[in-house]
Every structure is written in structure tokens, then in C-alpha cells.
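S.K.: just coords:
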């Protein structure tokens with residue numbers, strides 16, 4: 001059962017006990033094919049506990065009507081996040097949270113908007129310092145679902161069938177087995193109704209120019225132990241290569257915002273409780 005706002009208020013009281021000088025502003029970024037809707041449980045918990053929350057729809061995701069086959073660069077895909085960060089007052093810093101491929105958006109923002117980010121949190125996310133620069137980056141950070149079979153995806157070919165795919169989506173019949181195996185049936189059905197093809201060409205081209213002081217910015221990784229998408233060994237490899245300040249562990253599938261919302265919320269609160 002999805003939590004009601006009343007449930008969120010009762011169970012989210014931990015957030016009100018956190019000693020912080022200002023109301024923290026969380027910016028939540030979805031993974032490929034998702035949207036702001038993915039965070040509805042977490043947003044309920046956070047707002048009921050007094051936090052400020054912004055949930056972003058990246059280009060072609062969620063309610064954004066753009067054709068994913070027309071989004072060919074990561075800069076274009078990530079523009080809605082950068083627009084939001086650009087609109088913030090000069091003295092405001094956010095806690096930026098990315099799920100799955102949303103980790104690339106977090107890292108991109110750390111390089112470009114480091115002065116506006118107090119903390120970057122990666123949830124079962126791709127955490128590569130400069131994006132997909134090498135074969136090892138792809139091995140560590142890109143999902144490999146081949147163990148589930150050969151015919152898992154629906155592809156879009158916006159530049160013609162003789163070119164590489166421009167969009168990708170896991171077929172609906174595999175959603176529960178691969179992405180939502182620990183989630184309720186209700187949330188799995190909701191996701192199957194709302195997931196959209198993601199601009200795979202844009203994501204594959206995610207490569208970043210190093211920003212000043214990026215390694216001094218605080219990062220936290222939330223590791224998901226039962227993840228079939230970004231596998232635990234991939235998460236461990238990325239953590240080892242670019243060590244974050246702290247690592248938290250969830251007994252969760254790839255979608256803890258559905259399967260373990262209260263535990264995930266507690267970890268996000270714990271993360272900001274340790275902020276200087």
C-alpha cells in the first residue's frame with residue numbers, strides 16, 4: 001500500500017528532529033525512462049516533515065512532451081536540471097539526489113554548479129567522475145541486463161534503422177522481474193503505465209569537463225543490495241574508484257523510493273544531519 005500523507009507525517013517526524021540552520025532544499029532527479037512522479041512517496045515524507053522538495057522532469061521525461069528520439073546530447077537532456085539550479089538565489093545551496101542514470105545528472109551538476117550544491121546523493125546510481133570516458137566506465141556504470149535474455153528492450157531509431165538507437169525502454173513484461181521485484185504490485189503497475197522511452201544516445205554521450213573543486217564537494221552513496229539494474233558489484237566498483245564521503249546500504253531492489261520509502265527517507269535525513 002502506498003503511504004498516505006497522514007502516514008508520512010507520523011513516520012516522518014525524524015526529519016523535524018534534525019538540527020539544521022535553514023530548511024534544506026532537496027532536488028530529486030529520476031533515472032532513464034522515469035520522471036518526477038517516481039519520487040511521490042519520498043516527496044510526501046519530506047514535505048510532511050518540513051523540507052523543501054523539487055522533483056525534476058529531464059528532457060523528454062515525465063510530463064515533458066519532447067520526443068526522446070530527438071534528444072541527442074546529454075547537455076540537452078539535463079537542461080531542465082540546470083535551468084532549475086540557475087534560477088536559485090545566489091546564496092541558496094541544495095541537496096541533489098540522483099537515482100540510477102540520474103547519478104550522471106548529479107555529477108554533471110557538481111562540475112557545473114558546484115557552488116550551489118551542498119551535498120550530492122547517489123541512490124543506486126551511476127557515479128562516474130567524468131562520465132562515460134572509457135570502456136571501464138561503461139562496464140562499471142551502464143546496466144547490463146543480458147542475464148535476463150536477449151529480447152528485453154524496445155528501441156527507437158530517430159535517425160533511421162541503419163543508425164544506432166536513439167531511445168530505449170525495457171519491455172513491460174520484464175519490469176517487475178528486473179526493476180521492481182521488491183515493490184508492491186500497485187507501484188509496479190503505476191510505473192509500467194508511466195515509464196517512457198529514454199534518450200539512450202544522450203546518456204551514452206555523457207562526458208564531463210572537470211569543474212573546479214569537484215572532489216571537495218561532499219557525496220554520499222546509497223547502495224542497494226538486491227539491485228538487478230546497477231548491480232552491487234558495479235556500485236562497489238564505482239565507490240572504490242571515486243570514493244564518496246559515506247556509503248549507506250539498503251536491503252532494496254533498484255527502486256527503493258517504492259520498495260523501501262521510509263528507510264530511504266531516513267537515510268536522506270541521516271545524510272543531511274552530518275552536514276557541516
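M.R.: Cool, the structure landed. Treat the numbers as computed from the prediction; the structure is a model and nothing was measured.
S.K.: quick one, what contacts residue 52?
M.R.: Contacts of residue 52 were listed using Cβ atoms under 8 Å, 6 or more residues apart in numbering, and they are 23-26. Yep, even glycine has a C-beta here, placed from its N, CA and C like the rest.
S.K.: Could you tell me which of these count as buried?
M.R.: With burial judged by 16 or more other Cβ atoms under 10 Å, the buried subset of the contacts of residue 52 is 24-26.
S.K.: Please pull up the helix or strand immediately following the host helix or strand of residue 76.
M.R.: With elements delineated by DSSP states H and E, residue 76 resides in helix 74-77, which encompasses its position. Using DSSP H and E, the helix or strand that follows helix 74-77 in sequence is helix 79-87.
S.K.: packing partners for whichever helix or strand comes after that next one?
M.R.: Using DSSP H and E, the helix or strand that follows helix 79-87 towards the C-terminus is strand 94-99. When contacts are defined as 3 or more Cβ pairs under 8 Å, 6 or more residues apart in numbering; DSSP states H and E, strand 94-99 sits against strand 25-29, helix 102-112, strand 117-123, helix 261-273.
S.K.: Just give the number of residues close to residue 163.
M.R.: As a burial measure, the neighbour count of residue 163 was computed by other Cβ atoms under 10 Å and equals 10.
S.K.: for residue 230, that is, sorry about that
M.R.: The local packing of residue 230 (other Cβ under 10 Å) involves 28 other residues.
S.K.: got the contact list for the residue lying closest to it once chain neighbours are set aside?
M.R.: Of all residues beyond its chain neighbours, the one nearest residue 230 is residue 124 (5.3 Å), with distances taken as Cβ to Cβ, 6 or more residues apart in numbering. For residue 124, the contact set (Cβ under 8 Å, 6+ apart) comprises 99-100, 222-224, 227, 229-230, 235, 252, 254-256.
S.K.: backbone phi and psi for the closest residue to residue 272 other than its chain neighbours, please?
M.R.: Excluding the flanking residues, the one nearest residue 272 by Cβ to Cβ, 6+ apart is residue 24, at 5.4 Å. In terms of degrees, to the nearest 10, the main-chain angles of residue 24 are phi -60, psi 140.
S.K.: Surely residue 24 and residue 49 touch.
M.R.: No. When contacts are counted by Cβ atoms under 8 Å, residue 24 is not listed as touching residue 49 (10.2 Å).
S.K.: returning to what we had before: the helix holding residue 76: which residues count as buried?
M.R.: Buried residues in helix 74-77, defined by neighbour count with 16+ other Cβ under 10 Å: 74, 76-77.
S.K.: ok now it, how far from the chain's centre?
M.R.: Computed by Cα atoms, centre = their mean, to the nearest Å, the chain-centroid distance of helix 74-77 equals 15 Å.
S.K.: and if you look at stretch 89-105?
M.R.: How far stretch 89-105 lies from its chain's middle: 9 Å, per Cα atoms, centre = their mean.
S.K.: distance between the ends of that stretch?
M.R.: The first and final residues of stretch 89-105 sit 20 Å from each other (Cα to Cα, to the nearest Å).
S.K.: Stretch 103-121 too?
M.R.: From the first residue to the last, stretch 103-121 extends over 8 Å; the measure is Cα to Cα.
S.K.: What of stretch 54-72?
M.R.: 25 Å.
S.K.: What mean pLDDT does that stretch get?
M.R.: Confidence for stretch 54-72, expressed as mean pLDDT, is 97.
S.K.: now do stretch 234-251
M.R.: Throughout stretch 234-251, pLDDT has a mean value of 97.
S.K.: Now the terminal residues of that stretch, how far apart.
M.R.: Criterion Cα to Cα; first-to-last residue distance in stretch 234-251 is 16 Å.
S.K.: from the middle of its chain, how far away would it be?
M.R.: 15 Å.
S.K.: do stretch 61-78 as well
M.R.: Distance, centroid of stretch 61-78 to centroid of chain: 16 Å (Cα atoms, centre = their mean).
S.K.: quick one: the strands in the chain?
M.R.: Taking DSSP state E, the strands of the chain run over residues 25-29, 52-56, 94-99, 117-123, 153-156, 167-170, 219-224, 246-250.
S.K.: Highest mean neighbour count out of the ones you listed?
M.R.: Comparing these by mean neighbour count (mean count of other Cβ atoms under 10 Å), strand 94-99 comes out on top with a mean of 27.
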